[in-house]
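Whatever this is, show me its structure:
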Amino acid sequence: MVGTPPAAWSNWAGNQRSTATLVARPRTVDEVAAAIHAAADAGRTIRTVGSGHSFTGTALTDGHRLELTELDTGVTVDTTRRLVTVPAGMALHTLNDLLGTHGLALPNLGDIDAQTVAGALATGTHGTGAKLGCLSTFVTGLALVTGTGEVLRCSADEHRDVFAAARVGLGAVGVLVEVTLRCVDAFTLRAHERPAALSAVLADLPGLVEQHDHVEFYWFPYTARVQVKTNDRVPADDQPLPRWRGWLDDEFLANTVFAGACRLGRAVPALAPGISAVSARALTERTYTGRSDRVFCTPRRVRFVEMEYGLPRAVLPAALDALRRIVDNLPFKVLFPVEVRFTAADDIWLSHGYGRDSAYLAIHQYVGMPFEPYFRAFEEVAAELGGRPHWGKLHYRDAASLAPAYPRFADFLAVRDRLDPDRRFANPYLNQVLGD
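Residues are numbered from 1 along each chain as shown. Predicted coordinates for the structure are as follows:
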């Protein structure tokens, strides 16, 4: 492992930047431990970065930076038991292709596959599905290097408390170096996307969520319209999306045209309601089939910042009603639709879905547009409704306000105290959300 001189880093959205004093790119687990010891000897903290798809300052450091792109712990695929063990720095799209060659797949995915496995797990990345939890619920085992340089292997049977903490660990209890994931046989999804009235969707929401394997919808601000997406398992890939239609909808309309519309709305904010109304009707109904990960994941080239809250499912209508009033009363315009997704309860201590079925409500704003008053107003509503902020999305909560939202918060802090007593992995974001 060779350390490189100071280097600037920024995340995908460009809203988080830092310069490390040294960058380490370990190739082995021993070199990860050595990098942690080197940071300690230098009196520095050390943070791991992935692909930069978090909007918070979780990866920022003015100490040492750890990049796991060259880490090689080997790959093991057990098709009989449907388990895969991979380096934690592997990108999700690489993992998806690997699984595909073995006739396997992850049970669920979010809509972006650029994250590293470690980064996706650390922040509680999730897709949508009433009977499925976040991606961290698929983890059956992991290996991490603690703040003292110790290598721990954890599972439901070994170091159970660390396993409960590290599956959504914010990088606060150790550096994930290897992960074992429970997979399923490769499957095909039938995607159905359609415009609808928001009132009709909310009136039939429980049935809609229960009747489909995966449901999400997008509300277009200043309108009463949504775009509904349902994905369901089917036996055959017999209705693939024509290449021209995929390019038209996912590349041209959803990226190229939408980017132009956002730039226009940023230059002339008064046009935003009209742009939203046109966007609500531009994507027409379509149905197609495809390999699961290729249906779940879509290209995202228009830059934005985001806040997302996990809420008890029953309060979603109230949250949306309050959000519509917030948008209407802002002193500026909103250019991005609002995304709504659903997950099942889980038992991971810092998972947003701990102990309850959740509805996720994600708000966005185009880069370069004002957003903080919008996000803070929505956060106030979400917090009052029992919401938990997504760890990888912007929020303003601190440890004092988060502790009551997570029943096992104190248990997580106890594991952190044990595994990183000198706060080798600390940074301002962790100090904010977990305390010093």
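
what sits against the residue sitting nearest the centre point of the chain?
Nearest to the mean C-alpha position of the chain, by C-alpha atoms, centre = their mean, lies residue 125 at 3.2 Å. Counting by C-beta atoms under 8 Å, 6 or more residues apart in numbering, residue 125 touches 110, 115, 119, 134-136, 392. Any C-beta I mention is one placed from the backbone N, CA and C, and that applies to glycine too.

how about 6 Å then?
Counting by C-beta atoms under 6 Å, 6 or more residues apart in numbering, residue 125 makes contact with 110, 135.

How much space separates it from residue 135?
Note on residue 125: its distance to residue 135, by C-beta to C-beta, to the nearest Å, is 5 Å.

what does residue 207 give?
Counting by C-beta to C-beta - residue 207 and residue 135 are separated by 26 Å.

Which one's more surrounded, those two?
residue 135 (25 against 9; other C-beta atoms under 10 Å).

Neighbours of the closest residue to residue 382 other than its chain neighbours, how many?
In space, and not counting its chain neighbours, residue 382 is closest to residue 309: 4.0 Å by C-beta to C-beta, 6 or more residues apart in numbering. Number of residues near residue 309 (other C-beta under 10 Å) recorded here: 25.

Give the buried residues for the helix or strand containing residue 309.
Assigned by DSSP states H and E, residue 309 belongs to strand 304-312. Residues of strand 304-312 classed as buried by neighbour count (16 or more other C-beta atoms under 10 Å): 304-311.

Could you list the low-confidence segments of this structure?
Residues of the chain meeting the criterion pLDDT under 70: 1-6, 247-248, 252-253.

Domain parsing of it, as residue ranges.
What the record gives for the chain is the domain set 7-67, 76-185, 189-398, from automatic domain parsing.

Same list, those domains, but as a markdown table with distance to residue 418 please.
Converted to a markdown table, the domains of the chain look like this (distance: least, C-beta to C-beta, whole Å):
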| stretch | distance to residue 418 |
| --- | --- |
| domain 7-67 | 16 |
| domain 76-185 | 8 |
| domain 189-398 | 14 |
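
Distance across stretch 82-97, terminal residue to terminal residue?
End-to-end distance for stretch 82-97, by C-alpha to C-alpha, to the nearest Å: 15 Å.

contacts for stretch 300-315?
Under C-beta under 6 Å, 6+ apart, the answer for stretch 300-315 is 13, 15, 55, 112, 255, 258-259, 319, 336, 352, 356-367, 371, 375, 382, 385-390, 393-395.

Likewise for stretch 239-259?
So stretch 239-259 is in contact with 282, 288-289, 298, 301-302, going by C-beta under 6 Å, 6+ apart.

In a markdown table, list the residues you listed along with secondary structure.
A markdown table is the format used below for those (DSSP: H, G, I helix; E, B strand; the rest coil):
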| residue | secondary structure |
| --- | --- |
| 282 | helix |
| 288 | strand |
| 289 | strand |
| 298 | coil |
| 301 | coil |
| 302 | coil |
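
Residue 187: which of those is nearest?
Checking those against residue 187 by C-beta to C-beta gives residue 289 as the nearest, at 10.6 Å.

re the thing from before, identify the farthest-apart pair in the contacts of stretch 239-259.
Longest span within those, C-beta to C-beta: 289 and 302, 26.4 Å.

bridging residues for residue 145?
residue 151, residue 175 (DSSP bridges).

okay, now it: neighbour count?
Neighbours of residue 145 (other C-beta under 10 Å): 25.

cool, residue 301 as well?
10.

where do the strands sit along the stretch 251-400 of the chain?
286-291, 304-312, 338-343, 358-366, 388-389 (DSSP state E, counting those that start in this stretch).

Determine which of these approaches residue 70 most closely.
Closest among these, using C-beta to C-beta: strand 286-291, at 28.6 Å.

What lies in contact with that closest one?
By C-beta under 6 Å, 6+ apart, the list of residues contacting strand 286-291 from outside reads 188, 190-193, 237, 239, 241.

Now list the buried members of the residues you listed.
188, 190-191, 193, 237, 241.

Secondary structure and distance to residue 88 added to those residues, as a markdown table?
Formatted as a markdown table, these follow (DSSP: H, G, I helix; E, B strand; the rest coil; distance: C-beta to C-beta, whole Å):
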| residue | secondary structure | distance to residue 88 |
| --- | --- | --- |
| 188 | strand | 29 |
| 190 | strand | 33 |
| 191 | strand | 30 |
| 193 | strand | 33 |
| 237 | coil | 31 |
| 241 | coil | 32 |
